[in-house]
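> One predicted model, sequence on top.
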Amino acid sequence: MRRILAALTAAVGLIIAVPGSANAADEWYTSSTYPGSKGYGYVDSVSSTVSGVYQHLSMYRTNNYVALWTGIGDDATDGYCAGQEIAYQIYTNRAWSDYHYRMTPVHDCSTNGVDNSGGYFYSRYKTRNVHSRACHVDSSGRKIHCESTWHGPI
């Protein structure tokens with residue numbers, strides 16, 4: 001019994017001692033301000049259309065900080081909504097991270113052919129190798145599944 005209790009105590013200690021994923025950190029903030037007016041220059045964009053989901057991602061950059069603009073459209077009456085997932089690396093602790101994955105906070109359930117956009121998303125950390133892909137999401141924007149191909153990097 002003491003061994004089990006000691007093992008459980010050690011396991012709880014590991015869970016508490018391990019920091020949360022950097023992906024869960026607040027790495028982005030939203031603004032309606034056009035990136036060019038903040039000194040960001042346009043870099044490039046990527047897009048794809050898969051299974052009635054159109055996704056577009058444009059990137060602006062200054063000193064390795066990025067601003068993203070996303071457009072998402074749902075053109076299929078298949079019961080899914082359209083979403084977008086991004087993958088990227090951030091610079092922390094004097095090194096580039098592994099890839100972080102995040103759903104953009106914009107989705108579209110309208111099927112009216114008009115893209116949905118949520119303003120600009122600015123990185124709080126130096127960011128590189130941004131990729132995006134189209135996803136089916138539920139009406140709350142939670143990922144159901146995504147296309148297998150990543151588009152980018154930009």
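Yep, that arrived.

> So for Gly152, what's the nearest residue that isn't a sequence neighbour?
Nearest non-adjacent residue to Gly152, counting by CB to CB, 6 or more residues apart in numbering: His131, 3.6 Å away. Every C-beta, even on glycine, is put in place using the N, C-alpha and C of the backbone.

> In this structure Asn64 contacts Gln89, no?
No. If you go by CB atoms under 8 Å, Asn64 and Gln89 don't touch, sitting 10.5 Å apart.

> residue nearest the centroid of the protein?
Nearest to the mean C-alpha position of the chain, counting by CA atoms, centre = their mean, stands Arg102 at 3.1 Å.

> which residues does the nearest residue to it once chain neighbours are set aside contact?
Nearest residue to Arg102 in three dimensions, chain neighbours excluded: Ile86, at 5.7 Å (CB to CB, 6+ apart). Contacts were defined as CB atoms under 8 Å, 6 or more residues apart in numbering; by that measure Ile86 touches 57, 68, 101-104, 130-132.

> Same list (these) but as a markdown table, adding distance to Ser47, pLDDT and secondary structure.
Below are the contacts of Ile86 laid out as a markdown table (distance: CB to CB, whole Å; pLDDT from 0 to 100; DSSP: H, G, I helix; E, B strand; the rest coil):
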| residue | distance to Ser47 | pLDDT | secondary structure |
| --- | --- | --- | --- |
| Leu57 | 7 | 97 | strand |
| Leu68 | 13 | 97 | strand |
| Tyr101 | 19 | 97 | strand |
| Arg102 | 18 | 96 | strand |
| Met103 | 17 | 95 | strand |
| Thr104 | 13 | 94 | coil |
| Val130 | 13 | 98 | strand |
| His131 | 12 | 98 | strand |
| Ser132 | 8 | 98 | strand |
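
> Drop the exposed ones from these and show what's left.
57, 68, 103-104, 130-132 (16 or more other CB atoms under 10 Å).

> re earlier: shared neighbours of Asn64 and Gln89, anything?
Common contact partners of Asn64 and Gln89 (CB under 8 Å, 6+ apart): 127-128.

> Next secondary structure after the lowest-mean-pLDDT helix or strand in the chain?
Lowest on mean pLDDT, DSSP states H and E among the helices and strands of the chain sits helix 2-17, with a mean of 36. Later in the chain than helix 2-17, the nearest helix or strand by DSSP states H and E is strand 28-31.
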